[in-house]
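Peer 1: Turn this into a structure:
(2 chains)
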Amino acid sequence: MENKGLKPLQLALYGMDERSIKMMGMYLKGPCKGIAVVVDEFKAEADVIDADHINAKKIIEERKTKARPIILLSLNKLSIEGTFSVIKPVQKLEMISVLNQVKKYLSAYKINKGSTVKLKELKPSSPEKRPAGSKYIESDELKKTAKHQTAETLSESGFSDYMGLVDGIAFSKRDRKLGASFNPKDFFLGQVQSALKTCKLKGRILQLNLGWKPLVMFPHSREIWLGANDNQLREFAGLALKKQSSQELSLSSIDSETTDFSQKMDEIYDMDHFLWKLAVWTSKGRYPETIDINKPVFLIQWPNFTRLIVTPHAMRIAALLMMGPRTAMDIADVLEIKPQYVFVFISAANVLGLVGQATRQVDGLIVPPEIKELETKGLLTKIIGRLHG
Amino acid sequence: MDRNNIKMGQYKIIFTGPVGAGKTTAIDSLSDVPTVKTDATASDMTRNRKAATTVAMDYGVMNLSGGEKVHLYGTPGQERFDFMWDILVEGGIGLILLLDNTRADPFKDLHFFINSFSEFISKSSIAIGVTQMDLSSKPTINDYHKQLQGMDLKPAIFSVDARVKNDVSLLIQALLFSLEPDLKGE
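Peer 2: This next block holds a predicted model:
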């Protein structure tokens, strides 16, 4: 029965005392020689649990979270979803059959995991359809390291250096908002937004060609790939595009069967992350012309800050706006911060569709809710200081 | 927030969520002392193999300037320990709910924990961290927000890698700013 030339299945044992572990190890070296071996937990491909152990239920629950095949040994025939079962005392043929089933399962999983990744997107999965007790894993998601990188937090001091300065805006004066706006359509941001709209409407993977670096949009998985690094993008984002460049703009379809992105998985960004940083680098502390700065704005939901660039005071601004609508200037006054920090936040949140503006005149008359000072304010400030430190 | 406990210096942040969501790891990433884990009931064999043990409650501490401390409590994830939850949340500043995106039905977990802690949430605040999104990208953060529509609850919901201090820190900041946006820590 020895499977020459094939790597034996590596098993970890649970719910067994030392004697049982030794016996099982010998059994696998004997009747099941070459098919399976006992290894340390961290090396194992599958788990074997004595289901008659006093803590078996707990052990099974715990091992189910590890996304490895589970073989249950029991005096009774068990039918637990997501597991393989072998009746005790273990019969050679039954054991070998189950071990081979586990091997087949693992090799199918590995083929799927190691396959060449084309531009095909994963279909959105419905969590309701997931089998109970299983761990749902998308094998390619882990390769998208840029997509899952933690947020970069900008302090006030680093903001100007990071953003670059916009000439002609005096944020400290009372008429500070004058000249502090920008039209997204004049920048790369506007072209990307327009292209994304088309991409979503068509529901196809498209490449934006602008005479610069290629940008590929994946509408269903909401991902973006750009053939440029952050420094290049930051520089390009701030440049006003020449009017004629819009004529050079084109969208082309991507052949999902022939285009291979398997080597570029770590350069794929979440669409929201990409748009947010592009808006931040385009705004540089200005607000988009599409927003009426004299009218209150409201925030639909908190941005996913852990995967975005956290601009100065962005968390405070978001928390304040979640309490009720306010004008940008009111936010700046209440939080005692420069308007440019409010403008950059509004620019970025607006691109993600998280910001709205009251259209009725009466909405502008509503007094924003008063912030009540908590008696624990001192403590909370200390905790924030500690977290920033 | 329970004013009496706050006055007595019992400052707590509570971490809750299903088994394996990353509560222990999140507390570990913030605590100034090694996290204390209670009710480790692994079998001898499991212990010998250094397997993860069943944990009923985690405890860590954040030291603040002036000698004050914030206690970080991780509730047991298993429902059979839910009798402890009411005791643990007493005097808590707010609730951090961690959800594992690879579980069969993370929305069920979301509703279960929000309902279980509804009284505490109404008195304090909540921020939600969705873990394991690098293994399973669905449901998305927007999907979680949609689940809460109509519940009169609009908490911060972030993707979180519990091993990354910055992620956990931002989640707690959102919790605190939700209580008072006017806090200055910068």
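
Peer 1: Please name the nearest non-neighbouring residue to A:Glu223.
Peer 2: A:Ile268 (5.1 Å; CB to CB, 6 or more residues apart in numbering or on different chains). C-beta: built from backbone N, CA, C; applies to glycine.

Peer 1: doesn't A:Glu141 make contact with that neighbour?
Peer 2: No: in this structure A:Ile268 lies outside contact range of A:Glu141 using CB atoms under 8 Å: 10.0 Å.

Peer 1: Which strands or helices does the lengthiest strand in chain B pack on?
Peer 2: Taking DSSP state E as the criterion, chain B has its longest strand at strand B:92-100. Here strand B:92-100 touches strand B:12-16, helix B:23-30, helix B:106-116, helix B:118-123, strand B:126-131, helix B:165-179, going by 3 or more CB pairs under 8 Å, 6 or more residues apart in numbering or on different chains; DSSP states H and E.

Peer 1: Return the most buried member of those.
Peer 2: strand B:126-131 (a mean of 26; mean count of other CB atoms under 10 Å in any protein chain shown).

Peer 1: just checking, what packs against that strand?
Peer 2: strand B:92-100, helix B:106-116, helix B:141-148, strand B:156-159, helix B:165-179.

Peer 1: Quick one: low-confidence residue ranges for the stretch 151-300 of chain A.
Peer 2: A:161-179, A:243-248, A:255-260, A:262-263 (pLDDT under 70).

Peer 1: Please enumerate the strands of it.
Peer 2: All strands of the stretch 151-300 of chain A, identified by DSSP state E, counting those that start in this stretch, fall at A:152-153, A:181-182, A:206-209, A:215-218, A:223-226, A:250-253, A:268-270, A:287-288, A:297-299.

Peer 1: Please give the number of neighbouring residues around A:Lys57.
Peer 2: By other CB atoms under 10 Å in any protein chain shown, 11 other residues sit near A:Lys57.

Peer 1: I'd like the distance between it and chain B.
Peer 2: 11 Å (CB to the nearest CB, to the nearest Å).

Peer 1: from the chain's centre, how far out does the strand or helix carrying that residue sit?
Peer 2: Element membership for A:Lys57 (DSSP states H and E) is helix A:56-64. Relative to its parent chain, helix A:56-64 has a centroid offset of 29 Å by CA atoms, centre = their mean, to the nearest Å.

Peer 1: ditto for stretch A:21-29
Peer 2: 43 Å.

Peer 1: how about it against chain B, any contact?
Peer 2: Yes: applying CB under 8 Å from any CB of the partner chain, one finds that stretch A:21-29 is in contact with chain B at A:Ile21.

Peer 1: Just the mean pLDDT for that stretch, thanks.
Peer 2: Per-residue pLDDT over stretch A:21-29 has a mean of 82.

Peer 1: now the helices and strands packed on strand B:92-100 in CSV, with mean pLDDT?
Peer 2: Formatted as CSV, those follow (pLDDT from 0 to 100):
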stretch, mean pLDDT
strand B:12-16, 94
helix B:23-30, 92
helix B:106-116, 93
helix B:118-123, 92
strand B:126-131, 97
helix B:165-179, 95
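
Peer 1: Columns distance to B:Leu98 on top of those, output as TSV?
Peer 2: What follows is these, written out as TSV (distance: least, CB to CB, whole Å):
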stretch	distance to B:Leu98
strand B:12-16	6
helix B:23-30	6
helix B:106-116	9
helix B:118-123	15
strand B:126-131	5
helix B:165-179	9
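
Peer 1: related to what we said a few turns ago, mind checking the helices and strands packed on strand B:126-131 for the one nearest to A:Asn350?
Peer 2: helix B:141-148 (16.3 Å; CB to CB).

Peer 1: Just name whatever secondary elements the closest one is in contact with.
Peer 2: Short answer (3+ CB pairs under 8 Å, 6+ apart): helix B:141-148 packs on helix B:106-116, strand B:126-131, strand B:156-159.

Peer 1: can you list contacts of that helix?
Peer 2: A:301, A:304, B:99, B:106-107, B:110-111, B:114, B:128, B:130, B:154-155, B:157-159 (CB atoms under 8 Å, 6 or more residues apart in numbering or on different chains).

Peer 1: one more time with 10 Å, if that's ok
Peer 2: For helix B:141-148, contacts defined as CB atoms under 10 Å, 6 or more residues apart in numbering or on different chains pick out A:124, A:127, A:222, A:270, A:272, A:300-304, A:306-307, A:352, B:99, B:101, B:106-107, B:110-111, B:114, B:128, B:130, B:133, B:139-140, B:154-155, B:157-159.

Peer 1: Enumerate every residue touching A:His273.
Peer 2: By CB under 10 Å, 6+ apart, the contact set of A:His273 is A:146-149, A:151, A:222-224, A:304, A:307-309, A:352.

Peer 1: ok, 8 Å please
Peer 2: A:Lys147, A:Arg307, A:Leu308.

Peer 1: does any part of stretch A:308-326 sit near chain B?
Peer 2: Yes: judged by CB under 8 Å from any CB, stretch A:308-326 comes into contact with chain B at A:Val310, A:Pro312, A:His313, A:Met315, A:Arg316, A:Ile317, A:Ala318, A:Ala319, A:Leu320, A:Met322, A:Met323.

Peer 1: For the fourth one, give me its contacts.
Peer 2: Residues near A:Met315 by CB under 8 Å, 6+ apart: A:Phe305, B:Leu170, B:Gln173, B:Ala174, B:Phe177.

Peer 1: hmm, back to that, including distance to A:Pro69, could the helices and strands packed on helix B:141-148 go into TSV?
Peer 2: Output for the helices and strands packed on helix B:141-148, formatted as TSV (distance: least, CB to CB, whole Å):
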stretch	distance to A:Pro69
helix B:106-116	23
strand B:126-131	23
strand B:156-159	28
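
Peer 1: For A:Arg68, find the nearest of the ones you listed.
Peer 2: Of these, nearest to A:Arg68 by CB to CB is strand B:126-131, at 19.0 Å.
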